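>>> I would like the atomic coordinates for the input below:
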Amino acid sequence: MTRYRLSASAGFARVTQLTSGKFRWALKTGSSGHSWLEDGIAMAVGILLISTALVLYKSAGLLTGGIAGIALLGHYATGTDLGLLFFCLNLPFYWLAAKRMGTAFVVKTFIAVVVTSWLTGLLPALLSIAYVSQPLAAILGGVLLGTGFLILFRHRVSLGGFGILALYLQERRGWSAGKVQMGLDCTIVAFALWLVPAVSVAWSIAGAVILNLIVAMNHRKDRYIAV
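Below you'll find the predicted structure:
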């Protein structure tokens, strides 16, 4: 009978097949000390928080940053398919992740992007928001997004785009991931001034600041970083 032995140490889950006594297969789930089960639970929680926040933002007419924000602006300006823009704009960042962040990071990030896209489309059918003020949406949405991204970052997961760049710069250059993301997000949202009312842009920037302050305060290289 084929038997398996499971052991976990230093972020590795090793499954040893004992039929020949020589064959050994190891699955690396991350180098932060988290097991594959912990990564899976963390990804589920982070994705749920982020997807809920995006539904909240949409209901309030707020904007988002990152590659999704650039793709949306490009779609409005040129009429190019939003999904195609999002995919193409993310390609350089996936290349960066594959070259510098490792295969496990790329695989987990790809799964997170797919599940978030699916859940964001599903939630409106399960969660109906008749009205939410923009100030409340900016504050609550920013907290949900910041907490969700913090959970993902600590398990070396991103939602693609600037999240990959921010993590890379923090790990390689020591730059705060939260501050890098904040600057990029605020810049992107500010470019939407010619498309949406200024008050919506202002509250969107406030939400981006809250999001990234949470990440900047709780995901510092000198305190904690999942590498």
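>>> ok, the residue nearest to the spatial centre of the chain to residue 50 distance?
Closest to where the C-alpha atoms of the chain average out (C-alpha atoms, centre = their mean) is residue 159, at 3.2 Å. According to C-beta to C-beta, to the nearest Å, residue 159 and residue 50 sit 7 Å apart. Using the backbone N, CA and C atoms, a C-beta is placed for each residue, glycine as well.
>>> list residues touching both of those two?
Taking C-beta atoms under 8 Å, 6 or more residues apart in numbering as the contact rule, residue 159 and residue 50 both touch 116, 149, 152.
>>> could you dump these into a markdown table with neighbour count and pLDDT added?
Shown next, in a markdown table, are these (neighbours: other C-beta atoms under 10 Å; pLDDT from 0 to 100):
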| residue | neighbour count | pLDDT |
| --- | --- | --- |
| 116 | 21 | 81 |
| 149 | 27 | 88 |
| 152 | 28 | 90 |
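>>> okay, those residues in a markdown table with distance to residue 43 and secondary structure next?
Formatted as a markdown table, the shared contacts of residue 159 and residue 50 follow (distance: C-beta to C-beta, whole Å; DSSP: H, G, I helix; E, B strand; the rest coil):
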| residue | distance to residue 43 | secondary structure |
| --- | --- | --- |
| 116 | 10 | helix |
| 149 | 12 | helix |
| 152 | 7 | helix |
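>>> count the neighbours of residue 197 for me.
The number of residues packed near residue 197 is 12, by other C-beta atoms under 10 Å.
>>> ramachandran angles for it?
phi -60, psi 150 (degrees, to the nearest 10).
>>> hmm, back to that, who's in contact with the residue nearest to the centre of the chain?
50, 66, 109, 112, 113, 116, 149, 152.
>>> what's the closest of the residues you listed to residue 84?
Minimum distance to residue 84 across those is 15.1 Å, recorded for residue 113 (C-beta to C-beta).
>>> I'd like the distance between the closest one and residue 67.
10 Å.
>>> which one's more surrounded, these two?
The neighbour comparison of residue 113 against residue 67 (other C-beta under 10 Å) goes to residue 67, with 25 against 20.
>>> ok, that one touching residue 93?
Yes. Between residue 67 and residue 93 there is a contact under C-beta atoms under 8 Å: 7.4 Å.
>>> contacting residues for residue 188?
Residues in contact with residue 188 (C-beta under 8 Å, 6+ apart) are 65, 66, 69, 70, 73.
>>> for those residues, which one is nearest residue 171?
Among these, residue 66 lies closest to residue 171 (C-beta to C-beta), at 18.7 Å.
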